[in-house]
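> From the sequence below, what's the structure:
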Amino acid sequence: MSIKTSVITIVMGFVGAFLGAYIKRKGENVATKEDIGEITTVVEESKSFYTKELEHLKNDLAMKRHFSGVRYEHEIEIYEMLWSELCKLAEAVLSLRPAFDSSLKLGETEDARKQERLQKFYDAFQSLRIVVLHNRPFYPETIWNDVRDLFHLCNSETVSYQYGKSDGKDWYNYWNEGTENSKKIETQVNKICEAIRFRLAKFDQA
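As a prediction, this is how the structure comes out:
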């Protein structure tokens with residue numbers, strides 16, 4: 001009986017060990033499947049999240065590209081208006097006292113000539129001022145600063161022209177000052193032109 005009992009015990013031990021290993025393995029298999037299922041769920045959720053984020057990013061880029069295109073077109077229109085008015089102002093202010101001025105016409109007085117030229121300047125100045133101020137939010141501050149400096153130079157020239165005398169003892173200073181102011185104004189106009197060119201070049205690089 002003891003031998004039989006021992007054999008049964010040994011057999012049962014092997015069976016128990018086998019069943020224990022089998023159950024443990026089955027448990028591992030179940031756990032593995034559960035882990036895979038959980039990982040799959042996480043991956044799918046992450047994929048869905050990043051897909052949505054990618055779509056948002058694409059939409060944002062499309063909106064920015066559209067906005068950039070609209071802004072570029074609007075800014076080009078502003079520069080076209082600005083340059084046209086700028087040329088009119090430069091022509092008007094440089095015509096106040098040109099280096100080789102014509103003689104007074106028959107019946108024309110110096111004051112009448114001044115008033116006519118100054119009115120032409122004021123009209124050009126006001127037209128440019130409207131374009132610059134009304135569109136100020138849509139172009140860089142550097143261009144605004146350059147145009148503002150031009151305004152100061154033009155105002156200085158008009159005051160000197162209006163109250164100066166082309167004859168008498170100060171005639172030389174009168175004409176010399178006009179020449180110097182003309183050079184400054186032309187230099188400032190060219191500076192604005194280069195600022196606009198630089199701005200357009202940045203758009204081309206974008």
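
> what's the least confident helix or strand in this structure, going by average pLDDT?
Across the helices and strands of the chain, mean confidence by mean pLDDT, DSSP states H and E is lowest for helix 2-94: a mean of 68.

> Remind me what the next helix or strand after it packs against, helices and strands.
Downstream of helix 2-94, the next assigned helix or strand under DSSP states H and E is helix 110-134. Using 3 or more CB pairs under 8 Å, 6 or more residues apart in numbering; DSSP states H and E as the contact criterion, the secondary-structure elements in contact with helix 110-134 are helix 2-94, helix 141-163. (Each C-beta comes from the backbone N, C-alpha and C, glycine too.)

> If you count neighbours, what's buried in helix 110-134?
If you call a residue buried by 16 or more other CB atoms under 10 Å, then helix 110-134 has these buried ones: Arg113, Lys114, Arg117, Leu118, Lys120, Phe121, Ala124, Phe125, Ser127, Leu128, Val131, Val132.

> List the residues that contact the first one.
Contacts here follow CB atoms under 8 Å, 6 or more residues apart in numbering; on that basis Arg113 touches Leu104.

> redo that, cut-off 10 Å
With CB atoms under 10 Å, 6 or more residues apart in numbering as the criterion, the residues that contact Arg113 are Leu96, Asp101, Ser102, Leu104, Lys105, Ser166.

> Likewise for the second one?
Residues in contact with Lys114, defined by CB under 10 Å, 6+ apart, are Leu96, Arg97, Thr158, Tyr161, Gln162, Tyr163, Gly164, Ser166.
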